[in-house]
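1. Turn this into a structure:
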Amino acid sequence: MTRVVITGLGVVSPIGTGKETFWANLTAGKNGIGPITHFDTTGFTSRIAGEVKDFEPGLYMEKKEAKRLVKFIQFGVAASKLAIEDANLQITPENAADIGVIFGSGIGGIGFLEEQARTLHEKGPDRLSPFTVPFMITDMAAGYISILLGAKGPNMCVVTACATGTNCIGEAFKLIQRGGATAVIAGGSEAAITPLGIGSFCAARALSNAGSRPFDKTRDGFVMGEGGGSVILEDLESAQARGARIYAEIAGYGMSGDAYHITSPAPGGEGAIRAIRAALKDAKMSPAEIDYVNAHGTSTELNDKFETMALKTAFGDHARKLAISSNKSMLGHLLGASGAVEFVATTLSVVNDLAPPTINYGTPDPDCDLDYVPNQSRKMAINAAISNSFGFGGHNAILVVKKFI
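-> Sure thing, here's the model as predicted:
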């Protein structure tokens, strides 16, 4: 079986752009959540989010292009350019057809859609932008990444709500394993901190206005975030042939469907259990070989409770030995980008033997009684880790990362 390795990491997040800044702030427990500045939040029940700050799209594409592109595409392109540069992967006419792009978004160009809807109602259909459809649809980040970087291999967008980024990376892993590409740019991006994006989740009573507190008894909802994450996956032989630096190995991928409810996870984390077991089976690893879990950890009542139950069932007695943390405590929930950004964090955890903290943890919950690495990073041996993602519609996706040996 073809071994697949991680050779490049790129991230745009509420706590920094670029893997170095992101990792330094993540492990320091920096909170990237604050008052929303993108629009006037008067009347909204939630007025906080994890916004990307000090982002200069012109650093990653031509200024004319940057001015035209919508934000979720900008984030995707920036993260992918950072990942390509980090991997020192040159895309040439000779290898372009062997380099693919699998990149998704949960919601896509919702902000642009809002603008065009206002234009339609206030000024009429003849004033609509010709870019309305291209900049609204979720596949356009994948398309633009391919266009701007010149990757001509398989190109696809996966959309599985909050599991999107994880599924994109998992499908890239499998594409390389079956010989469909030698390298893939994979990940996800999101820019849904808009009146419609925030207002819709407020209407569903899903958002907190107090902060992101995963696994804490006082948690009362998630906090929206934005950004993008991208990784370069390569088959081991090709990576070694070009002398690539290898971060870690992606060893397993599992997914499942809850077949239960459009928003609520299945009771007891039943679907998550099956996805975790599938990922471990794919990796040919036992539960006892996993040291760290990058949890989905949304700060909602049911997700955190059922994710804890799923870990207990899937890992048995070993669940008590796992270090578990939620990046969403610092980033907010990046929806379709969350799995990709969290996979970058998981990879760096394995590389650095360091588990980032779950910040804002103060009141233990009897239903969430595992080790959530509260408030401070932990230096520890991490030989293998899993990254969990669960999405509306009952999508569950799990990735296994291990040290490259």
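2. any idea which helix or strand comes after the top helix by length along the chain?
-> Determined from DSSP state H, the single longest helix within the chain is helix 71-87. Proceeding N to C from helix 71-87, the next assigned helix or strand is strand 99-104, under DSSP states H and E.
3. That following strand pairs with which strands, parallel or anti?
-> As defined by DSSP bridges, the strand partners of strand 99-104 come to strand 155-156 (parallel), strand 183-190 (parallel).
4. For the next helix or strand after it, the averaged confidence score.
-> As assigned by DSSP H and E, the chain's next helix or strand after strand 99-104 is helix 110-123. Averaged across helix 110-123, the pLDDT comes to 98.
5. what sits up against helix 110-123?
-> Residues outside helix 110-123 that contact it (Cβ atoms under 8 Å, 6 or more residues apart in numbering): 70-71, 127-129, 131-132, 135-136, 191-192, 194-197. Every residue, glycine included, has its C-beta placed from N, CA and C.
6. can I get the CA coordinates of the next helix or strand after that helix in CSV?
-> Reading on from helix 110-123 to the C-terminus, the next helix or strand found by DSSP H and E is helix 132-136. Output in CSV follows, covering the C-alpha atoms of helix 132-136 (Å, rounded to 0.1, in the frame of the first residue of the first chain):
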residue,chain,number,x,y,z
THR,A,132,-22.6,36.0,-8.8
VAL,A,133,-22.7,32.3,-9.5
PRO,A,134,-18.9,31.7,-9.7
PHE,A,135,-18.2,33.5,-6.4
MET,A,136,-21.2,31.9,-4.6
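7. Mind giving me the packing neighbours of whichever helix or strand comes after helix 132-136?
-> Per DSSP H and E, the first helix or strand lying C-terminal to helix 132-136 is helix 140-149. Using 3 or more Cβ pairs under 8 Å, 6 or more residues apart in numbering; DSSP states H and E, the elements in contact with helix 140-149 are helix 71-87, strand 99-104, strand 155-156, strand 183-190.
8. ends of stretch 191-207, how far apart?
-> Using Cα to Cα, to the nearest Å, the end-to-end distance of stretch 191-207 comes to 16 Å.
9. To Asp40, which of the strands paired with strand 99-104 lies closest?
-> strand 183-190 (21.4 Å; Cβ to Cβ).
10. Give me the angle between that closest one and helix 71-87.
-> 150 degrees (axes from the mean of the first three to the mean of the last three Cα atoms, to 10 degrees).
11. which other helices and strands contact the longest helix of the chain?
-> Looks like helix 71-87 contacts strand 4-13, strand 99-104, helix 140-149, strand 183-190, strand 227-235 (3+ Cβ pairs under 8 Å, 6+ apart).
12. The same query, at a cut-off of 7 Å, please.
-> Applying 3 or more Cβ pairs under 7 Å, 6 or more residues apart in numbering; DSSP states H and E, we find helix 71-87 packed against strand 4-13, helix 140-149, strand 183-190, strand 227-235.
13. of the ones you listed, which approaches Asn327 most closely?
-> Proximity to Asn327 (Cβ to Cβ) singles out strand 4-13 among these, at 8.9 Å.
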